[in-house]
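Student: Return atomic coordinates for the entry below.
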Amino acid sequence: MAKYGMSVDLTSCVACDACVVVCKMENSVPNDYTRDWTEQIVKGNYPNLRADLFSNRCQHCANAPCVSACPTEASYVKDGLVLVDRNKCVGCEQCIAACPYGARYLHPDSYVDKCTFCDHRLGTGHDPACVEICPTNSLVFGDMDDPKSKLSKILKERKYRTLKPMLGTVPKYFLLESITEPEEIKL
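Tutor: Residues are numbered from 1 along each chain as shown. Coordinates of the predicted model:
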């Protein structure tokens with residue numbers, strides 16, 4: 001059984017939004033909604049600041065609070081992916097409230113939607129649309145249980161972190177950091 005995950009390289013992502021646009025097209029995401037987005041986190045103290053720019057989305061948590069909050073079992077896990085069965089979803093939004101990453105939204109057709117790592121592409125020889133379109137090759141997708149996958153190799157070689165690790169959700173979306181921390185930035 002596969003356990004899928006994704007990483008974003010903080011040293012190369014420029015938050016260009018190509019991933020956001022292609023996701024909307026690939027998954028027919030309605031206007032004013034999004035399955036992924038770009039963020040900027042500023043670190044340091046003035047005048048020594050630096051910014052992490054990155055693409056963000058559902059973290060596909062191993063301990064997903066959205067799944068346990070769903071009263072109809074519309075939110076579920078398959079191959080390590082956190083998914084939503086539109087036919088079971090009643091639009092109660094309990095999973096939206098339970099997600100600490102703000103990764104879900106109520107679709108205008110009254111079901112909850114979110115990033116699926118383009119699960120419809122699995123087994124087709126294609127990566128998720130965001131990975132394929134990324135102009136800086138910052139996004140990497142793969143089976144974490146396969147030691148030969150590009151993602152597994154990167155996670156062994158690079159320093160990484162996850163968002164909000166203190167919550168115990170065990171995200172499978174990894175933020176790759178530089179191999180060594182940059183020296184203090186002088187402005």
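Student: Now the residue nearest the centre of the chain. Its backbone dihedrals?
Tutor: By CA atoms, centre = their mean, the chain has its centre lying nearest to R57, at 3.4 Å. Dihedral pair for R57: phi -170, psi -170, per degrees, to the nearest 10.
Student: Strands of this protein, residue ranges please.
Tutor: 4-9, 36-45, 48-57, 75-78, 81-84, 105-106, 112-113, 139-143, 160-161, 173-176 (DSSP state E).
Student: Please tabulate these in a markdown table, including the columns mean pLDDT and distance to M25.
Tutor: C-betas here are computed from N, CA, C, even on glycine. Output for these, formatted as a markdown table (pLDDT from 0 to 100; distance: least, CB to CB, whole Å):
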| stretch | mean pLDDT | distance to M25 |
| --- | --- | --- |
| strand 4-9 | 97 | 19 |
| strand 36-45 | 93 | 12 |
| strand 48-57 | 92 | 15 |
| strand 75-78 | 96 | 24 |
| strand 81-84 | 98 | 20 |
| strand 105-106 | 98 | 17 |
| strand 112-113 | 98 | 15 |
| strand 139-143 | 97 | 16 |
| strand 160-161 | 96 | 29 |
| strand 173-176 | 97 | 21 |
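Student: Which of those strands sits closest to C66?
Tutor: strand 75-78 (5.1 Å; CB to CB).
Student: got the contact list for the closest one?
Tutor: Defining contact as CB atoms under 8 Å, 6 or more residues apart in numbering, one finds that strand 75-78 is touched by 64, 66-67, 69-70, 82-85, 89, 95, 112, 119.
Student: filter these to the buried ones?
Tutor: 64, 66-67, 69-70, 82-84, 89, 95, 112 (16 or more other CB atoms under 10 Å).
Student: which one of the strands of the chain lies closest to T124?
Tutor: strand 139-143 (12.7 Å).
Student: relative to strand 36-45, how tilted is the closest one?
Tutor: 110 degrees (axes from the mean of the first three to the mean of the last three CA atoms, to 10 degrees).
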